[in-house]
Each structure stands twice: as C-alpha cells, then as structure tokens.
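**Q** Generate coordinates for the sequence data below:
(chains A and B)
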Amino acid sequence: MLRKATDSIMEKVVFICGVMTIVFVVLIFGFLFKEGFSFFKDYGVFSFLTGKLWYPTSNPAMYGVFSLIIGSLLVTLGAIVIAVPLGIMAALYIAEIAPAWIRDVLKSGVELMAAIPSVVIGFVGMVTLVPMVRTVFDIPTGLTAFSGSIMLAFMAMPTIVSISEDAIRSVPWSYKEGAYALGATKWQTIRRIVLKNAMPGIIAAVMLGIGRVIGETMAVMMITGNAAHIPSSIFEPVRTLTATIAAEMGETVKGGLHYRALFAIGLVLFAITFIINFIADLFLNKNRK
Amino acid sequence: MNFKLNPKLSQKIAFSLLLMATIFVIIPVLIIIFNIIKNGYSAISWEFLFSMPKDGMRAGGIFPAIIGTLSIVLCAICITLPIGVLAAIYLNEYAKDNLLTRIIKLAIVNLAGVPSVVYGLFGLGIFVMLLNCGVSILAGALTLSIMELPVIITTSRAALNSVPYPFREASWSLGVSRWQTIRYVVLPNALPGIMTGAILSIARISGETAPILFTAAAFYVPHLPKSMFDQVMALPYHLYIISTQIPNMPKNIIFGTALVLLMLVLSMSLVAIVARIYFRKTRKW
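**A** Model (predicted):
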C-alpha cells in the first residue's frame, strides 16, 4: 500500500519539477513583458527601437535604444569573426588529429576556460589588452568595441569548441572508412566528409556562441568604454544593451520610467536570445538525426 | 597554369594550421591565469583572507566578500539541486515523447540561453520587489538557482541516461516498484555524474556577477551577514567595484582578490573534471 502511495506521489513530484522549467520561462518573460509593456505605453515602441539617443537623465529623458543595439551587434560581430574560424579549427584538431591523452587535456582546458568568471576576464582585459590596443593603434582610449570583441571572442570559444567537437565526433566512422577506402587522405576526408556532415552541429555551436556573446555583461561593461553613440569605426567606445542594464539599474527609481526602460531592454535581449537558441536547437536536433 | 598541391603536402599544411589555431585558443587562458598569479600572490596572507576591508577597501582583507559569496552559492545550490535532479528524473525516467516533453526541453534550452543580466532583472522584479525579500542573500540565491537549473538538469540527465537500461529491467522483474528502482538502483549509479555536475555549477555561479548585482550584492557591509535577509558583499562584485569604481586602489589588492576568486572557481572545476575522468575510467559497465 505505502509503496504504491510513494510511487504515485513521487511520480507527481518529479512531474511538477519538470513542468517548473516551463513556469520559470513564462515567469521571466511575463515579468519583462509587464514592465516593458507599460514602458512602451508611456514612451512608444517605435521611438524606443529607432531612437538614436539614450539620455535617461536629461530633461526630457530620451530612451532611444538603437545605438545600444548597434553597439551590441558590432561587438558581437567582431567577436564572432575572430572566434568562429579559430574555434572550428581547434575543434577539428581536438576531435580528429590530437592523440587521446592530448585530447583529454585540451578538453579539460577548454572547460576550465569556460569557468573563468567574466569579471576576471574583464579585469585582465582592462589592465593588459586595453593599454595595448591604445598604444598599438595610437587612439585616445583603448576602451573600444575592438577590445571588447577580442575578450568576447575568448569567452565564446569554449562554447564553440566543445559543441563543434561533439558534432565532429558524432560523424559515423563508416563515412570516414568509405572515404579512406577510395584513397582519400585524412585531410581530404576531414574537409569533404567530416566537416560537411558535422555542419548542422557546427552551425548550432556558432549560434550558441553568438547567444553567449550578446548576453555577456561584466567584461563588456569593463572594456568597451560605455559611450552610448553610434560608432563610426570598431576603434571607438560603444555601449551594449547588457552593460546599460547593469550600469544604470542601481540609480533608477523603482517603478519609474527609467526602471521600466531597462526592463524593456531586457525584453529585447530575451527576444534575441530566444530566437538564437531556438534556431541552434533546431540545428542540434538535425545533427542528432 | 593548373597548379595543384600534392595531397600529402596540403595535409601537412592543414594539420599544422589546425594545431596553431588550437595553441592560439589555449594560450590566452594560460596568460590570464599566469598574469593573475604573478601579480596577485604577494597580496595573499591570513590577514587578507580573514579580515575586514579598511580605508575604503584600500587596505585590510576580503573576508566578508568570501563569506558572502559562499553563503549565496551554498544557498543557491541547496535550492536548485533537488529541483534539477527531480526534473531530470522526470525527463529521463517518466516523460513520454509528447508535446509537453518537447516544450519542457525547449524551456530548458531557453533558460540556458537567457543572459545573466536578464536573470538579474527578473530576480529584482520578482524576489526583491514582489516577494519582498529585499536585496538579500535569499533573493540572490533564488535568482542564481533558476539560472543554474538548466545546467543541473542537463548534467543530471546525462548521468541518469548513462545507467544501462537492463539495470532497471532487472529491478522491475524482481517486483520492485518504479520509484524504488529509481531510488535504489538508478540514482546511486548516477550519483557521481550528478555530483560532478553540481560542483561545476557551484564553480560557475561563484563567479557570476550580473545576476547578484541588483539582488544580493552590496558595495560595502561593515559586518558579516546574520540572516538570509541581509545584503552581503560578494567576491566577483567586490572585484568589479575595486577595479573600476575606486580611485587609487593598490594594484596588488585587486590582483589578490582576482586570484582568490579565480582559484576558488578553478579548483572546484578541476576537482569536478578529474572526478569525472576517474569515474568514467572505473565504471564497471
């Protein structure tokens, strides 16, 4: 009797815990939407998304998020241009070429890299990379989109390497055997067979890397200079969506327009990462089949 | 002219390029770790680790920040671990392949993708404001626990999934009920995997700043926390403050703080990684 009761109770308990994940996503969206929507009603969606000026403390306050979106995109684009080729090449090396023990060491290294806190990366970037960028390119400040991109490329690397590596290793051995039997060299096999078959997984890895970079906050805030304007080159300071929330939330009046404007930015970020993760998941599932 | 590389030679070139890329990926990690150890180790002392900050944090120690981080993180893992493991049990042992399961999986993927600062906003809105926890250990821990949930679920699920199916069948055929099978057969075998996942999660959330920025962390608190409803100093936030907000901060204290944080996070991750390799090698099936 008791056993049956425990069984049916536990079945319900684990079910509730499973469903809780959906509840949390809905709650997060609901909260962002509630505050964001009330901001849109007062300020207008259109002037929020297309306004180029973000002056929350001027009178009247301006909440144009366009330059922040450009800032986020610019830093992300730079990071991806650096991280994707290097990341995929490293994944190929780890999955296909490295001997077993080196592979274990490298994989652990990549995992440790993912564990380094973003404030630590931001701090090291501040004291080493930023002055270097300033002197090498002879510009007034090293706190630029470019410096941010380099640090973010480094932070996207673990995601890109480990997920691409999984995808590359999941290519069936028989495909490779087929290529070898036709006299292809190892490199020809990797280039024409392995890469092609692992492509959906690699695309997913890149998408997840982009998601990680767009959402990154602390390192970006410490390195990119936080100037809310549309930059004319990658060697100028920019301000991202995430840094704006983190830097300004502490000074807002709870429930005020500025406070709700930051939730509206959160809503934009949530929407962007939702779409990116959804697409990445589609590719990952494709890869599994 | 049709110039074509000999396949052997092009393979050699390609492989060396791949090796170079890999070195290029790994080198910055070593530079960062080396840089922080070199500049930070001179600051480390008993006094630095176990005393309160002095002179507007320009001297003294970081004890309250260490205690603050530990209390937030332990609190968070106590909340997220049971929920995450039970959710993983549901997904791996009970769930059928239907629409609801697919939505749960999509929800997990999305929870994993939500930017950390957005979790901070959410925690501020629901825990600090709506549920009236205030800026406190509890609010920060609840925020971090939701953020870490997808990671716990994914690693626990992989651990449960690695327990061979015949183990369950053998147990059922002896008349053992479904939950008892999970409790006494599946979970013990999955435990090492679940624990390494948990340790990796603890390491990760110890270094998170953005989610506790508006939910738990304080610029400076002159005493240690007395209850769950106190604001605390936290290591990552402290590092952010002293490296950006305080003028004339002695460099070795900043590096020392970074070193303590980095060692805390890396040592836990390393323990988890080594344990996982060990368990994988000693597994009997």
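**Q** Around chain B, which positions in the stretch 51-200 of chain A sit nearby?
**A** For the stretch 51-200 of chain A, the residues found near chain B under the criterion CB under 8 Å from any CB of the partner chain are A:85-87, A:89-90, A:92-94, A:97-98, A:104, A:106, A:108-113, A:115-124, A:126, A:128, A:154, A:157, A:161, A:185-188, A:190-191. C-betas here are computed from N, CA, C, even on glycine.
**Q** give me the residue from the stretch 51-200 of chain B nearest chain A.
**A** Distance from chain A to each residue of the stretch 51-200 of chain B (CB to the nearest CB) is smallest for residue B:115, at 2.7 Å.
**Q** so where's chain B uncertain?
**A** B:1-4, B:284-285 (pLDDT under 70).
**Q** Could you point out the longest helix of it?
**A** helix B:7-40 (DSSP state H).
**Q** Can you name every helix or strand that that helix contacts?
**A** helix A:66-92, helix A:100-115, helix A:118-124, helix A:145-169, helix A:186-189, helix B:251-282 (3 or more CB pairs under 8 Å, 6 or more residues apart in numbering or on different chains; DSSP states H and E).
**Q** will you turn these into CSV that also has mean neighbour count and distance to residue B:236?
**A** Compiled in CSV, the helices and strands packed on helix B:7-40 are given as follows (neighbours: other CB atoms under 10 Å in any protein chain shown; distance: least, CB to CB, whole Å):
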stretch, mean neighbour count, distance to residue B:236
helix A:66-92, 23, 21
helix A:100-115, 17, 13
helix A:118-124, 27, 5
helix A:145-169, 26, 15
helix A:186-189, 19, 43
helix B:251-282, 19, 6
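**Q** Where do the helices of chain B begin and end?
**A** Counting by DSSP H, the helices of chain B are B:7-40, B:46-50, B:63-89, B:99-113, B:116-123, B:137-161, B:165-173, B:178-181, B:187-206, B:210-213, B:235-244, B:251-282.
**Q** Check what contacts the fifth one and list those residues.
**A** What it means is helix B:116-123. Helix B:116-123 is contacted by residues A:27-28, A:31-32, A:215, A:217, A:242, A:245-246, A:249, A:262-263, A:266, A:269-270, A:273, B:139-140, B:142-144, B:146-147, B:208-215 when judged by CB atoms under 8 Å, 6 or more residues apart in numbering or on different chains.
**Q** For the buried ones among these, write the corresponding PyMOL selection.
**A** Paste this into PyMOL to select the buried members of the contacts of helix B:116-123, with burial taken from 16 or more other CB atoms under 10 Å in any protein chain shown:
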select buried, (chain A and resi 28+31+32+215+217+242+245+246+249+262+263+266+269+270+273) or (chain B and resi 139+140+142+143+144+146+147+208+209+210+211+212+213+214+215)
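**Q** any idea of the pLDDT on the spatially most central residue of chain A?
**A** Centroid-nearest residue in chain A, with CA atoms, centre = their mean: residue A:212, separated by 1.5 Å. On the pLDDT scale, residue A:212 is placed at 90.
**Q** picking up where we left off before, residues in contact with the residue nearest to the residue of the stretch 51-200 of chain B closest to chain A when sequence neighbours are not counted?
**A** Setting aside the residues directly before and after it, residue B:115 is nearest to residue A:215 in space (CB to CB, 6 or more residues apart in numbering or on different chains), at 2.7 Å. Listed by CB under 8 Å, 6+ apart, the contact set of residue A:215 reads A:242, A:269, A:273, B:113, B:114, B:115, B:116, B:117, B:118.
**Q** can you check residue B:163 too?
**A** Residue B:163 neighbours (CB under 8 Å, 6+ apart): B:185, B:186, B:189, B:190.
**Q** repeat that with 6 Å
**A** B:186, B:189, B:190 (CB atoms under 6 Å, 6 or more residues apart in numbering or on different chains).
**Q** same for chain A: which of those residues are within range?
**A** Residues of the contacts of residue B:163 in contact with chain A (CB under 6 Å from any CB of the partner chain): none.
**Q** any idea which of those residues is closest to residue A:229?
**A** For these, the residue nearest residue A:229 by CB to CB is residue B:190; the value is 52.6 Å.
**Q** what number of residues lie near the closest residue in space to that closest one that isn't next to it in sequence?
**A** Nearest residue to residue B:190 in three dimensions, chain neighbours excluded: residue B:159, at 4.1 Å (CB to CB, 6+ apart). Neighbour count for residue B:159, taken as other CB atoms under 10 Å in any protein chain shown: 25.
**Q** What residues does residue B:159 make contact with?
**A** For residue B:159, counting by CB under 6 Å, 6+ apart, the contacting residues are B:190, B:193, B:194.
**Q** where's the residue nearest to residue B:115 relative to residue B:207, distance?
**A** In this view, residue A:215 and residue B:207 are 15 Å apart by CB to CB, to the nearest Å.
**Q** What of residue B:272?
**A** Taking CB to CB, one finds residue B:272 at 14 Å from residue B:207.
**Q** Also residue A:64?
**A** Taking CB to CB, one finds residue A:64 at 33 Å from residue B:207.
**Q** related to what we said a few turns ago, next, format the helices and strands packed on helix B:7-40 as a markdown table and append distance to residue B:81.
**A** Converted to a markdown table, the helices and strands packed on helix B:7-40 look like this (distance: least, CB to CB, whole Å):
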| stretch | distance to residue B:81 |
| --- | --- |
| helix A:66-92 | 31 |
| helix A:100-115 | 18 |
| helix A:118-124 | 23 |
| helix A:145-169 | 23 |
| helix A:186-189 | 44 |
| helix B:251-282 | 14 |
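**Q** so which of those helices comes closest to residue B:220?
**A** Checking the helices and strands packed on helix B:7-40 against residue B:220 by CB to CB gives helix B:251-282 as the closest, at 13.7 Å.
**Q** now the closest one, how far from the centre of its chain.
**A** 11 Å (CA atoms, centre = their mean, to the nearest Å).
**Q** Number of residues surrounding the closest residue to residue B:252 other than its chain neighbours?
**A** Nearest residue to residue B:252, sequence neighbours excluded (CB to CB, 6+ apart): residue B:43, at 4.3 Å. Look at residue B:43: counted by other CB under 10 Å, it has 21 neighbours.
**Q** Isn't residue B:43 up against residue B:254?
**A** No - between residue B:43 and residue B:254 there is no contact under CB atoms under 6 Å: 8.6 Å.
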